[in-house]
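1. Quick one, fold the following:
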Amino acid sequence: MALTLSDIEKLFADRGAEQYTGEPVTQLEHALQSALLAEQEGASDALVTAALLHDLGHLLHDLGPSPTLQGIDDVHQYRALPFLRGLFGDDVIEPIKLHVDAKRYLCAVRPGYFAELSDDSKRSLGLQGGIYNEEQAQAFISQGGAADAVRLRIWDDLAKTAGLPTPPLTHFLERARRCALPAGTAQ
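-> Numbers count the residues shown, from 1 in each chain. Here you go, the predicted structure:
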């Protein structure tokens, strides 16, 4: 069953104050900062929405606050997809689905990228399959949506600043409303 924008707003209200694992921000702060970075770069409504919702899957499980510390990959990049498919098209869905693989790709192609990852991101990388080899990196970047996923991943990495002012959730949900599928706009 697809979520509505009201459902997403409620999910952030209910669970957005939870700590973003190993970082000085909450889940909601991380989402808002990611969306803000996308907006500041002039990204489309769809890509700003993907940035806002890329970690929504973390809010859809009860594996505890730090699954990676338990050796668990929560597969958050896939967990939210069934709930978002009726609401958004592939221009939102694909970057969300591919943002974890984008980390694996960036580790393979950008010198120094791995060293800049947070401890939790490094831990999750191992659980998510590790750094791509050259062939895997080429296969990844040739997929539709991969370039947007790489942009999203970079914003994801930067969206961890304590106390950073951002527009409110309603600002970004309005952008999400503009790119929602017609059948998904019902509240």
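2. The nearest residue to Val109 once chain neighbours are set aside: what's it in contact with?
-> Excluding the flanking residues, the one nearest Val109 by C-beta to C-beta, 6 or more residues apart in numbering is Ala137, at 5.7 Å. From N, CA and C alone the C-beta is placed, and that goes for glycine too. Residues near Ala137 by C-beta atoms under 8 Å, 6 or more residues apart in numbering: 105, 108-109.
3. Which helix in this protein has the most residues?
-> Secondary structure of the chain per DSSP state H: the longest helix is helix 90-109.
4. avg pLDDT for whichever helix or strand comes after it?
-> Of the helices and strands lying after helix 90-109 in sequence (DSSP states H and E), the nearest is helix 113-116. Average pLDDT, helix 113-116: 95.
5. quick one on the thing from earlier: quick check: the residue nearest to Val109 vs Phe83, distance?
-> 30 Å (C-beta to C-beta, to the nearest Å).
6. what's next to the helix or strand harbouring Val48, contact-wise?
-> Secondary structure assigned from DSSP H and E places Val48 in helix 45-53. For helix 45-53, contacts defined as C-beta under 8 Å, 6+ apart pick out 8, 31-32, 34-35, 37-39, 43, 80, 84, 88-89, 91-93, 95-96, 148, 151-152, 155-156, 172, 175-176, 178-179.
7. Show me those residues that map onto helices.
-> Using DSSP H, the contacts of helix 45-53 in helices are 8, 31-32, 34-35, 37-39, 84, 91-93, 95-96, 148, 151-152, 155-156, 172, 175-176, 178-179.
8. Need the buried ones from those residues selected in ChimeraX.
-> Buried residues among the ones in helices among the contacts of helix 45-53 (16 or more other C-beta atoms under 10 Å), as a ChimeraX selection:
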select :8,31,32,34,35,37,38,39,84,91,92,93,95,96,148,151,152,155,156,172,175,176,179
